[in-house]
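Undergrad: Sequence first, predicted model second:
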Amino acid sequence: MTIVPTIAPTIVPTINGALRKLPAWLIYVVAALWVVWAFYLAAAGQTGPEPINTLERAYGAMGLKFLVAGLLVTPLRNLTGINLIKFRRAIGVTTFFLIVAHLMVWALLDVQSFSRVWSDIVKRKYVTVGMAAFVLMVPLAITSNNLSIRKMGPLVWRKLHKLVYPAALLGGVHYLWLVRGFQIEPIIYMAVILGMLTYRFRLATKRA
């Protein structure tokens with residue numbers, strides 16, 4: 001019980017010092033390489049009997065992981081002192097990039113018809129909530145730059161970017177409804193998302 005307080009003050013500055021040396025653009029590079037690699041594996045027939053479906057789900061799952069990672073930045077700093085704030089924009093933009101890749105595989109390679117795309121959005125609940133999450137993420141991606149912050153003002157910009165919370169919730173529901181049968185992974189994601197939303201709500205309540 002007494003080890004954590006004595007070690008943490010040493011470990012946290014070391015971790016933060018190492019993080020400061022890493023460029024944020026490295027996230028873009030690694031994510032882009034992974035997207036290309038995953039596409040190559042699917043195209044080469046190395047992902048099983050349903051390569052398009054596997055690729056579609058891989059992109060979506062990775063997008064959700066990045067979305068959750070973005071939500072964890074502030075709680076991680078507040079609770080442990082580990083500071084990933086410099087990477088938050090890169091994480092957010094990469095999240096959108098992965099979700100766009102997920103959407104493109106679904107629309108262009110899987111469904112392959114605008115009428116069927118629209119029909120799925122209207123008739124399939126998991127597609128409806130997934131598309132709603134994507135729509136909420138569009139203004140976040142467009143305004144994830146310093147110019148938008150200056151033009152909108154920090155207060156308005158921060159209010160707009162709170163859309164990430166309903167987007168995350170809808171993304172979690174989309175994944176939960178998508179899978180068939182009982183699977184623990186989407187439940188874990190949903191639990192983490194709900195935990196982060198609860199944390200933000202309590203933090204906002206304390207500040208009010």
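TA: That came in fine, so what should we check first? Numbering: from 1, shown residues only.
Undergrad: Just want the most central residue of the chain.
TA: What sits nearest the mean C-alpha location of the chain, by Cα atoms, centre = their mean, is Leu67, with 1.6 Å.
Undergrad: Averaged pLDDT, the lengthiest helix in the chain. What do you get?
TA: In the chain, taking DSSP state H as the definition, the longest helix is helix 51-80. Mean pLDDT, helix 51-80: 93.
Undergrad: just stretch 178-191 next, same as before
TA: 86.
Undergrad: How far off centre is that stretch?
TA: Here stretch 178-191 is found 16 Å from its chain centre; the criterion is Cα atoms, centre = their mean, to the nearest Å.
Undergrad: What residues sit buried inside that stretch?
TA: Leu178, Pro186, Tyr189, Met190 (16 or more other Cβ atoms under 10 Å). The way it works is simple: take the backbone N, C-alpha and C, and place the C-beta from them, glycine included.
Undergrad: So in the protein, where's the weakest helix or strand by average pLDDT?
TA: Least confident helix or strand, the chain: helix 3-21 with a mean of 74, by mean pLDDT, DSSP states H and E.
Undergrad: Quick check: which helices or strands does the helix or strand following it pack against?
TA: Next in sequence after helix 3-21, counting helices and strands by DSSP states H and E, comes helix 25-43. Under the contact criterion of 3 or more Cβ pairs under 8 Å, 6 or more residues apart in numbering; DSSP states H and E, helix 25-43 touches helix 51-80, helix 88-104.
Undergrad: buried ones in the shortest one?
TA: This points to helix 88-104. Judged by neighbour count using 16+ other Cβ under 10 Å, the buried positions of helix 88-104 are 88, 90-103.
Undergrad: Output the contacting helices and strands for it.
TA: helix 25-43, helix 51-80, helix 125-142.
Undergrad: With the first one instead?
TA: Helices and strands touching helix 51-80, by 3+ Cβ pairs under 8 Å, 6+ apart, are helix 25-43, helix 88-104, helix 164-178, helix 184-207.
Undergrad: quick one, which of these is nearest to Val117?
TA: Nearest to Val117 among the helices and strands packed on helix 51-80 is helix 88-104; the distance by Cβ to Cβ comes to 9.5 Å.
Undergrad: Alpha carbons only: can I get that closest one in CSV?
TA: Only the C-alpha atoms of helix 88-104 are listed here, as CSV (Å, rounded to 0.1, in the frame of the first residue of the first chain):
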residue,chain,number,x,y,z
ARG,A,88,-5.5,14.0,-28.3
ARG,A,89,-6.1,15.8,-31.6
ALA,A,90,-4.1,13.2,-33.5
ILE,A,91,-6.2,10.5,-31.7
GLY,A,92,-9.4,12.2,-32.7
VAL,A,93,-8.5,12.8,-36.3
THR,A,94,-7.3,9.2,-36.6
THR,A,95,-10.5,8.0,-35.1
PHE,A,96,-12.5,9.7,-37.9
PHE,A,97,-10.1,8.4,-40.5
LEU,A,98,-10.6,4.8,-39.3
ILE,A,99,-14.4,5.2,-39.2
VAL,A,100,-14.4,6.6,-42.7
ALA,A,101,-12.4,3.6,-43.8
HIS,A,102,-14.9,1.3,-42.0
LEU,A,103,-17.8,3.2,-43.8
MET,A,104,-16.2,3.0,-47.2
